[in-house]
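A.B. asks: The following block contains a protein sequence and its predicted model.
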Amino acid sequence: MSINVYKGNIITSKSYDELKVIPNGYVVVKDGFIEEVSESLDERYVKEIVTDFGDRLIIPAFSDLHMHAPQYTQRGIGMDCLLFDWLNNYTFPQEANFKDNSYAKSVYAKLIRDFLRNGSFQLALFTTIHYDACDILYRMLEESGLYAYTGITNMDRNSTDYYMDDTDESLRKTEEFIINHRNSERVKPILIPRFAPTCTKKLMLGLGELAKKYDLGVHTHLVESKAEAAWAKELYPEYASDGEIYEKCGLLQGHGPKIFAHVIFPSETEERILKEYDGISVHCPDSTSNVTAGIMPASTMHEKGLKIALGSDVGGGHFLGMNHQIARTVQISKMKEFYEESYKRIKLANAFYMATVTGGSIFDRIGKIEKGYRFNALVVENMLDEEYKTSLEDALERFSYIGDDRNITDRYIDGIRIDPEEVYERIKG
Ligand code: GUN
Ligand code: FE
């Protein structure tokens with residue numbers, strides 16, 4: 001049994017609306033799990049060595065529930081396009097590069113290093129159609145200690161000749177990937193139909209079979225732009241809307257998480273489906289501003305009891321750091337409030353909750369600095385100011401706006417201190 005005690009300014013969520021702040025508090029970690037969080041150290045632990053982080057913040061690590069691993073190298077490029085031009089001119093050609101395994105190795109090792117640097121320790125990752133590249137990513141994730149859902153990305157129409165699968169080939173690869181990648185504690189397979197316009201009904205029905213057979217969840221893009229929602233409707237005229245395609249084709253019948261990126265234009269059908277299947281809608285504020293054109297009605301959805309997490313959606317988004325997505329969530333919600341008076345903006349505590357608690361909820365006991373949770377945590381420095389009286393809440397807000405990976409001094413996954421550079425050296429091969 002190993003016990004570690006950490007001291008610092010602890011910030012975690014009390015609820016969706018409220019932060020819990022413990023100045024100079026203690027976190028007792030036993031075998032990777034938080035045993036106690038307190039203002040003063042219980043007598044039972046006074047003999048333990050205390051790692052004192054002084055005035056630094058101790059916060060839960062972030063969950064990035066929508067990110068495209070192969071798009072890491074294209075971030076910040078093509079950002080004046082709308083979705084379809086950006087996909088056709090930048091993204092599909094870039095993703096096609098992952099047929100080359102050495103290219104995949106090089107990009108994915110750096111990506112994993114940078115997830116670790118930025119404190120995103122729980123992930124839902126889109127990939128490419130290439131079995132080997134997906135396998136490389138999966139193995140590297142496992143070696144790194146990160147938590148993730150990933151798999152083969154499916155697309156069998158409306159892409160380019162050089163980057164598209166035949167329906168049977170896509171289903172065969174997906175099943176093989178599931179069979180060969182089912183036994184990890186931390187990295188789990190999930191179905192990834194890219195979005196309705198690039199997937200035929202035959203493919204969707206086949207994936208529905210796999211969802212049932214292997215009890216899997218699904219990760220896709222849902223009503224992410226007006227053009228996309230209209231195109232999905234045109235391609236699947238027999239269904240009421242985008243969301244019903246996944247429901248009626250059987251993709252929501254497994255027990256794994258149902259992760260829907262963007263959900264910018266949810267109809268009543270989408271709202272019903274999200275509720276009925278305990279779906280998580282992933283708000284990706286950078287991407288929404290860059291390529292998808294629209295703002296998720298996040299606060300309205302929250303009021304209706306729907307779950308919302310955050311995603312970087314790199315390369316549609318340009319920053320990997322989820323602290324920036326927290327700030328951007330607040331920023332663009334104010335734009336929506338400005339243009340739609342009835343809309344209620346998102347507060348910092350709400351966005352922090354999305355990036356930690358809701359995002360963490362698809363993993364096992366992750367998302368809070370609280371007894372019983374895994375100690376997946378970040379230590380953040382330099383957010384307090386001598387010249388400006390800064391509360392601890394201010395410090396968290398400031399980290400969201402102006403902080404980056406250089407402000408994160410210590411990183412823990414399951415109570416183990418992680419060094420991103422060491423992991424990178426180990427996995428890059
Ligand atoms: N819709 C289909 N593919 C993509 C993608 O790669 N990024 C985003 N943001 N939306 C998509
Ligand atoms: Fe995306």
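C.D. replies: In hand now; what should we look at? Ligands and ions are numbered 1, 2, ... in the order given.
A.B. asks: Now do the strands in the stretch 151-300 of the chain.
C.D. replies: 153-154, 187-189, 192-193, 218-222, 258-262, 280-283 (DSSP state E, counting those that start in this stretch).
A.B. asks: likewise the stretch 1-150 of the chain?
C.D. replies: Taking DSSP E, counting those that start in this stretch to define them, one finds strands in the stretch 1-150 of the chain at 3-13, 19-30, 33-38, 50-60, 62-68, 120-126, 147-150.
A.B. asks: Tell me how many other residues surround the closest residue to ligand 2 within the chain.
C.D. replies: Closest residue of the chain to ligand 2, CB to the ion: Asp313 (4.4 Å). For every residue, glycine as well, the C-beta is placed using N, CA and C. For Asp313, the neighbour count with other CB atoms under 10 Å is 31.
A.B. asks: where's it relative to Cys284, distance?
C.D. replies: 4 Å (CB to CB, to the nearest Å).
A.B. asks: Would you mind listing what in the chain touches ligand 2?
C.D. replies: Ala261, Asp313 (CB under 5 Å from the ion).
A.B. asks: Report the buried residues of stretch 222-231.
C.D. replies: Leu222, Val223, Glu224, Ser225, Glu228, Ala229, Trp231 (16 or more other CB atoms under 10 Å).
A.B. asks: which parts of the chain sit against ligand 1?
C.D. replies: 68, 83, 87, 91, 194-195, 221, 224, 287, 291-292, 313, 316 (CB under 6 Å from any ligand atom).
A.B. asks: cutoff 8 Å now
C.D. replies: 68, 71, 83, 86-87, 91, 95, 126, 194-195, 197-198, 221, 224, 228, 261-262, 284, 287, 291-292, 313, 315-317 (CB under 8 Å from any ligand atom).
A.B. asks: Pull out the buried residues from those residues.
C.D. replies: In the residues of the chain next to ligand 1, the ones that pass as buried (16+ other CB under 10 Å) are 68, 71, 83, 86-87, 91, 95, 126, 194-195, 197-198, 221, 224, 228, 261-262, 284, 287, 291-292, 313, 315-317.
A.B. asks: Point out the ones among these that are inside helices.
C.D. replies: Among those, DSSP state H puts Leu83, Trp86, Glu95, Glu228, Ser287 in helices.
A.B. asks: The residues you listed into a markdown table, with extra columns for pLDDT?
C.D. replies: Output for these, formatted as a markdown table (pLDDT from 0 to 100):
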| residue | pLDDT |
| --- | --- |
| Leu83 | 94 |
| Trp86 | 96 |
| Glu95 | 98 |
| Glu228 | 93 |
| Ser287 | 97 |
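A.B. asks: so of the strands of the stretch 1-150 of the chain, which one's packed in deepest?
C.D. replies: strand 62-68 (a mean of 30; mean count of other CB atoms under 10 Å).
A.B. asks: how far does it sit from the chain's center?
C.D. replies: 2 Å (CA atoms, centre = their mean, to the nearest Å).
A.B. asks: Who are the packing partners of that strand?
C.D. replies: Secondary-structure packing of strand 62-68 (3 or more CB pairs under 8 Å, 6 or more residues apart in numbering; DSSP states H and E): strand 120-126, strand 258-262, strand 280-283, strand 307-310, helix 322-339, helix 359-360.
A.B. asks: mind listing what it pairs with, with the direction of each?
C.D. replies: strand 120-126 (parallel) (DSSP bridges).
A.B. asks: now the partner strand, how far from the chain's geometric center?
C.D. replies: 5 Å.
A.B. asks: Roughly how far does the closest residue to ligand 1 within the chain sit from Leu235?
C.D. replies: Closest approach between the chain and ligand 1, counting by CB to the nearest ligand atom: Gly316, at 3.3 Å. Note on Gly316: its distance to Leu235, by CB to CB, is 21 Å.
A.B. asks: what do you get for Glu228?
C.D. replies: 11 Å.
A.B. asks: Kindly report the same for Asp364.
C.D. replies: Counting by CB to CB - Asp364 and Leu235 are separated by 37 Å.
A.B. asks: out of those two, which sits in the more crowded spot?
C.D. replies: Using other CB under 10 Å, the more surrounded residue of Asp364 and Leu235 is Leu235, with 18 against 11.
A.B. asks: Now for the more buried one: which residues touch it?
C.D. replies: Ala196, Pro197 (CB atoms under 8 Å, 6 or more residues apart in numbering).
A.B. asks: Repeat that for Gly32.
C.D. replies: Arg374, Phe375, Asp414, Gly415, Ile416.
A.B. asks: Could you do Ile273 as well?
C.D. replies: Counting by CB under 8 Å, 6+ apart, the residues that Ile273 touches are Gly243, Glu244, Tyr246, Glu247, Leu252, Gly279.
A.B. asks: before we move on, back to that, per-residue confidence for the residue of the chain closest to ligand 1?
C.D. replies: You'll see Gly316 listed with a pLDDT of 98.
A.B. asks: same deal with the one 4 residues further on?
C.D. replies: If you check Leu320, the pLDDT there is 98.
A.B. asks: Now do the phi/psi pair for it.
C.D. replies: phi -80, psi -30 (degrees, to the nearest 10).
A.B. asks: Measure how buried Thr153 is and give me the count.
C.D. replies: 27.
A.B. asks: And Gly78, by the same measure?
C.D. replies: Gly78 has 18 neighbours, counted by other CB under 10 Å.
A.B. asks: Verify the stated contact: it with Tyr90.
C.D. replies: Yes. Under the criterion of CB atoms under 8 Å, Gly78 makes contact with Tyr90 at 4.0 Å.
A.B. asks: and Asn323, what is it in contact with?
C.D. replies: Going by CB under 8 Å, 6+ apart, Asn323 touches Phe62, Asn118, Gly119, Phe399, Ser400, Gly403, Asp404.
A.B. asks: likewise Met322?
C.D. replies: If you count contacts by CB under 8 Å, 6+ apart, then Met322 has Phe62, Ser63, Asp64, Asn118, Gly119, Ser120, Leu310, Ser312, Ala355 around it.
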